[in-house]
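[1] what follows is a protein structure lacking sequence information:
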């Protein structure tokens, strides 16, 4: 059974070296669970909701590809700059937070650099 995700949840990216924390900013009338602001599927904005994951090792990331090419083809990890452009999927089918489906710990988020972002701890 999936659990609801709250502000401060731990996230991991398939191409990142570190975990990251989810930031949730619903300033007017936040919906809380155990005193923590609940997230919805629209909490996907890079650098606002999704923080960097340490070093990126995806060759789909232009900075990693360029650094690797300059390193004679040996993978050279570069600082992660998340590039998420679409909401988390799938979201809750029956609970809405601020007019959008609640974010659940089994949801996935795609980074344009080919990474799959998942919730490793829902932050409750």
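    Cool, the structure landed. Quick caveat: nothing in here was measured; it's all calculated off a predicted structure.

[2] C-alpha only now, for contacts and for neighbours.
    OK.

[3] which parts of this protein are strands?
    With DSSP state E as the criterion, the chain has strands at 10-13, 20-21, 32-33, 36-37, 55-56, 78-79, 96-97, 100-101, 108-110, 116-121.

[4] rank the ones you listed by pLDDT, which is bottom?
    Looking over the strands of the chain, mean pLDDT reaches its minimum on strand 32-33, with a mean of 84.

[5] partners of the nearest residue to residue 20 once chain neighbours are set aside in the sheet?
    In space, and not counting its chain neighbours, residue 20 is closest to residue 11: 5.1 Å by Cα to Cα, 6 or more residues apart in numbering. Residue 11 forms beta bridges with residue 20, residue 119, as assigned by DSSP bridges.

[6] how about stretch 99-115, which residues are buried there?
    Of the residues in stretch 99-115, 100-111, 113-115 count as buried by neighbour count, 16 or more other Cα atoms under 10 Å.

[7] thinking again about what came up before, need the strands of the chain in a markdown table (columns: distance to residue 2).
    Output for the strands of the chain, formatted as a markdown table (distance: least, Cα to Cα, whole Å):
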| stretch | distance to residue 2 |
| --- | --- |
| strand 10-13 | 15 |
| strand 20-21 | 19 |
| strand 32-33 | 15 |
| strand 36-37 | 17 |
| strand 55-56 | 28 |
| strand 78-79 | 31 |
| strand 96-97 | 15 |
| strand 100-101 | 13 |
| strand 108-110 | 12 |
| strand 116-121 | 11 |
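
[8] closest one to residue 45 among these?
    strand 108-110 (10.7 Å; Cα to Cα).
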